[in-house]
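> Task: produce atomic coordinates for the following.
(chains A and B)
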Amino acid sequence: MPSVDTTKRTVLGVRPDPSIDVPESKVALRKVRRSDIYSVLGSLAASLALTGLIFTTLTPFNGAIGFFVVWFVSFVVFYALLTSFDEDAQAVRDRIAGVVIRTLAAIVVGVLVFVIVFTAGKGWEVLVNANFFTQDMSDAGPLDPLIVGGIIHAVVGTLIEIAIALAIVIPLGLAVAVYLTEIPSKFSRIVRTIVEAMTALPSIVAGLFIYATLIMILTKQQSGFAAAMAIGIMMLPIIIRSADVALRLVPGTLKEASYALGSSQWSTVRYVTLPTAKSGLATSIILGTARGIGETSPVLLCAGFTAAMNWNPFEGPMISLPLAVFEFVKSPEPTMIARGFGTAVVLLGLVLVMFVIARYFGGKGPGALSKGQLKARQRHSARDLERITAANEQSTSMSSDRKAQ
Amino acid sequence: MTIVAPSGPKGDLDGADSDVPMAITINRGRQDNVFRTLAISAGIVVLVIMGMVGVFLALRGAQALGVAGWGFITTQSWEPDGGNFGIAAVLVGTLLIALVAICVAIPLAIGMALFISEYARGWLKSTLVSLVDLMAAVPSVIYGLWGFFFLQGQMVPIARWISTYFGWIPLFAVDGADPTDPLSTATVYTSSTFIAGIVVGFMVMPIISSVMREVFSQAPVGEREGAYALGATRWGMIRTVVLPFGRGGMIGGTMLGLGRAMGETIAVFMIISIVFYIQPHLLQNGASSVSSLIALRYGESTALGLSALMAAGLALFLLTLVVNFFASIVVSRSRSGASSDA
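Below is the predicted model:
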């Protein structure tokens, strides 16, 4: 055998003898190893201990937020140190970035949950009194206990104002959204740009505009109608923009199929585009309404303040829920502040309910059907099929009859 | 829609200039004409309403602008009846609050957007998307309540700490605070730009985060997998693919948030105690913003006072309009894939 340079030879691994039955071992697909968990737990414990030591013995630090900041920083340091024992620098950076990003996300969720829980917790003592939902504040002075007075006038005011605003905004907003998607032109691009820029219209400026025009020039008094107008101006760009997005998601093939069948533009919009985008449009309206209900500053300028019930949106001040919250907590009396938190819970509940409804509608893509709708469609198709088959059979039998003759 | 194509040019078919384009006339039905007219007029109505907001504020504010002249931009105090008023203080206050808000919101928004687009999977992902949207829908008065009754108390020790150790930076200095006196009152640290800015930051975070999440999730799959194939860690992939690709959206989203932050009224109004001089000390009691000025003074004003408020409102309106306009340009550019080669 000639001498072969063994360093350059390809060495094949030993093939296992197929006659011997070696039990296959499962390959672990989990990315988390045991040492990863240990290093997290270890650095958590170490950083907690160090922070406790700093705050109790070493320095005069105090305060919950400071504690968490110090704890977090020391945790990151310990964790980086522990990871660096058995990983390279790349992996250490990856771990630290993961920790920081997860923490930031957790802070955001924590803040949201805390805002809601804090409001609900403070408002709870008011909400257990039934009179809070059935009375207005006209009989309740600042020193009266919580068993007197309520916010029914604010609830009614909010509902009237938002109803007037929606009665104007929904037709106008949807018409503009349809215009932007169905009749594209240079002018429609200008409208779209302006509408997009106006979504950031400060709500106080919308209020100021109505105050300067409607109230100062025409009616000379604050009213629910003026507040509804201000809310409407603020909601209009928001609703147009999201409805525009929803309409643009309608597949072009559907519209083209409709045109190919010879239908006019209006029938295509009426029977194809709008029904297909129904859930998206509903979501945009509901989310816009949620924003409108919660706006305080336009209402502050335009609606005025009253403690009594007012059913007439055109005459006299009319209070709404966010404004009631604002006016209640301006008072130094603890019972009034408690009422403010109670009102805030009602407002928050209203927004949450609308949000959940919007998510229920908006969870589906354009044209997607619910289970019930799908079944109805299937029944309809089955009936059509039956009808067509029956008609076919009839015509064949008729033609065969004719042949027989 | 019926398209009627008239028959081609008659007569000299073999003439040299017979190749003229056919005139196509579109003969829409009456229904369609009504529909198109209505839709176009709706567009015009909205444009007119939006234009009127600016025009009316300018008309009503013209009187005050005429009285104050250029001093409107440089004067700090607000005494319209004495003829001595300007928006220098409130405008700077607005920008400072917006600046603090953006500083709070950006890291949170980036973290949340990256977590949703890169780390979360399945139900967690969709739940978090909904939660961020919900956060945008929570009324501002509720953030105001939270900021005034809870956050303020928590933030005072932190403000004290920052001003004690970083007071040599002018922004963090606090007049009248004595760090050596443990019994000194905490009120110098309340109702400050800092606290208002933090609350506004939480309010504008969702809009920034949702724009960022959208552009992050549009980062091309091929380049992501390429980075992984070259042995990148998840963070390495984010740093080299997702963040550069989403840069335009990050800038645009931040500007959108900035526009929102400048216009925010009620939460700021509840927290700050308004002052009419330029207050550069972020941590100190006393701050100002244009929207709080309007909310504070709209009722008690005379004709000239009201006109001055309109002029201030106009300034705020133009400022947010410009910021938001550029933001939407940046965002739409980044969505069209213009930055994919970055």
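
> Residue B:197 is in contact with residue B:99, correct?
Yes: under the criterion of Cβ atoms under 8 Å, residue B:99 is in contact with residue B:197, at a separation of 7.1 Å. Heads up, the C-betas are built off the backbone N, CA and C, glycines and all.

> quick one, helices of the stretch 201-342 of chain B?
Applying DSSP state H, counting those that start in this stretch to the stretch 201-342 of chain B gives helices spanning B:221-229, B:234-237, B:243-245, B:247-263, B:266-271, B:290-297, B:303-335.

> and the longest one, which residues are buried?
Put plainly, it is helix B:303-335. Neighbour-count burial for helix B:303-335 flags B:304-317, B:319-321, B:323-331, B:334-335 (criterion: 16 or more other Cβ atoms under 10 Å in any protein chain shown).

> quick check: angle from that helix to helix B:247-263?
170 degrees (axes from the mean of the first three to the mean of the last three Cα atoms, to 10 degrees).

> Check the model's average confidence along helix B:303-335 for me.
The predicted model gives helix B:303-335 an average pLDDT of 84.

> again, but for the fifth one
Per-residue pLDDT values over helix B:266-271 give a mean of 90.

> How about the residues of the stretch 151-300 of chain B by chain A?
Applying Cβ under 8 Å from any Cβ of the partner chain, one finds that the stretch 151-300 of chain B approaches chain A through B:154-155, B:157-158, B:161, B:202, B:205, B:209, B:233-236, B:238, B:256, B:259-260, B:262-266, B:269-270, B:291, B:294-295, B:298.

> tell me what the one helix or strand residue B:36 maps to is packed against?
Taking DSSP states H and E as the criterion, the element that holds residue B:36 is helix B:30-68. Under the contact criterion of 3 or more Cβ pairs under 8 Å, 6 or more residues apart in numbering or on different chains; DSSP states H and E, the helices and strands touching helix B:30-68 comprise helix A:152-182, helix A:186-198, helix A:203-210, helix A:224-248, helix A:265-268, helix B:303-335.

> In CSV, list those helices along with distance to residue A:389.
Output for these, formatted as CSV (distance: least, Cβ to Cβ, whole Å):
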stretch, distance to residue A:389
helix A:152-182, 38
helix A:186-198, 47
helix A:203-210, 60
helix A:224-248, 38
helix A:265-268, 29
helix B:303-335, 50
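
> can you tell me which of those helices comes nearest to residue A:72?
Nearest of the helices and strands packed on helix B:30-68 to residue A:72, taken as Cβ to Cβ: helix B:303-335 at 31.8 Å.

> Now do the closest one against helix A:203-210: the angle between them, please.
Using the same axes, to 10 degrees: helix B:303-335 against helix A:203-210 is 130 degrees.

> Now do helix B:303-335: distance to the chain's middle.
10 Å (Cα atoms, centre = their mean, to the nearest Å).

> quick check, it touching chain A?
Yes: under the criterion of Cβ under 8 Å from any Cβ, helix B:303-335 makes contact with chain A via B:306, B:309, B:310, B:313, B:316, B:317, B:320, B:321, B:323, B:324, B:325, B:328.

> Kindly report the domain assignment for chain A.
Using automatic domain parsing, the domains assigned to chain A come out as A:34-126, A:152-369.

> could those domains go into TSV alongside distance to residue B:89 and mean pLDDT?
Formatted as TSV, those follow (distance: least, Cβ to Cβ, whole Å; pLDDT from 0 to 100):
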stretch	distance to residue B:89	mean pLDDT
domain A:34-126	30	88
domain A:152-369	18	88
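
> Quick check, pLDDT for residue B:263.
On pLDDT, residue B:263 comes in at 87.

> how far away is the closest residue to it other than its chain neighbours from residue A:168?
Ranked by Cβ to Cβ, 6 or more residues apart in numbering or on different chains and with sequence neighbours excluded, the top spatial neighbour of residue B:263 is residue A:202, at 2.7 Å. Here the distance between residue A:202 and residue A:168 works out to 21 Å (Cβ to Cβ, to the nearest Å).

> Could you do residue A:239 as well?
Residue A:239 sits 11 Å away from residue A:168, taking Cβ to Cβ as the criterion.

> neighbour count winner among those two?
Residue environment comparison for residue A:239 versus residue A:168 gives the larger neighbour count to residue A:239, 29 against 16, counting by other Cβ atoms under 10 Å in any protein chain shown.

> For that one, give me its contacts.
By Cβ atoms under 8 Å, 6 or more residues apart in numbering or on different chains, the contact list for residue A:239 reads A:169, A:170, A:173, A:177, A:284, A:285, A:288.

> Tell me how far it lies from chain B.
Relative to chain B, residue A:239 is positioned 11 Å away (Cβ to the nearest Cβ, to the nearest Å).
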